[in-house]
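In: Pasting the sequence and the predicted coordinates here, then a few questions.
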Amino acid sequence: MHNEVPGVNVTSDILERMRVASDKSKEHARDEGIAIARDSLLEVRDIIAGVQVSAPFGNVKYALQVFDVLTEPPAVVGGQT
């Protein structure tokens, strides 16, 4: 996202976490990406009204795993979670 999405800045710490995970395997990179998203969500949850999480390659189960860190389930919008 750092180079692909205009206006998005990814910290060097996050880039390093992803580099180390990617060097291990695609699965490690996926799991680290989910962990980073969870960390980010917890950091901002008290100052935001909502969040959009994309499903990589249509794998909704990975996007939903981001919300596992919340005590309340994600809100249902339009019949989908």
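Out: Nice, thanks for sending it over.
In: which residues does Ala21 contact?
Out: Neighbour list for Ala21: His28, Ala29, Asp31, Glu32, Gly33 [criterion: Cβ atoms under 8 Å, 6 or more residues apart in numbering]. Heads up, the C-betas are built off the backbone N, CA and C, glycines and all.
In: I should have written Val51 there, sorry.
Out: By Cβ under 8 Å, 6+ apart, Val51 lies in contact with Leu41, Val44.
In: How about Ser22?
Out: Listed by Cβ under 8 Å, 6+ apart, the contact set of Ser22 reads His28, Ala29.
In: List the buried residues for whichever strand or helix holds it?
Out: Ser22 is part of helix 12-24 when elements are defined by DSSP states H and E. Using 16 or more other Cβ atoms under 10 Å as the test for burial, helix 12-24 gives Ile14, Arg17, Met18, Ala21.
In: ranges for the helices of this structure?
Out: Along the chain, counting by DSSP state H, helices occupy 12-24, 26-44, 60-65.
In: residues near Ile34, how many?
Out: Applying other Cβ atoms under 10 Å, we find 19 residues neighbouring Ile34.
In: Can you tell me the closest non-neighbouring residue to it?
Out: Nearest residue to Ile34 in three dimensions, chain neighbours excluded: Gln65, at 5.2 Å (Cβ to Cβ, 6 or more residues apart in numbering).
In: which residues of this protein score low on pLDDT?
Out: For the chain, the stretches flagged by pLDDT under 70 are 1-3, 72-81.
In: list the contacts for Ala29?
Out: Met18, Ala21, Ser22.
In: ok, now Ser12?
Out: By Cβ under 8 Å, 6+ apart, Ser12 has no neighbours at all.
In: That one and Val20, how far apart?
Out: Plainly put, Ser12 is 12 Å away from Val20 if you go by Cβ to Cβ, to the nearest Å.
In: What of Leu42?
Out: 21 Å.
In: Next: Ile47.
Out: Applying Cβ to Cβ, the value for Ile47 to Val20 is 29 Å.
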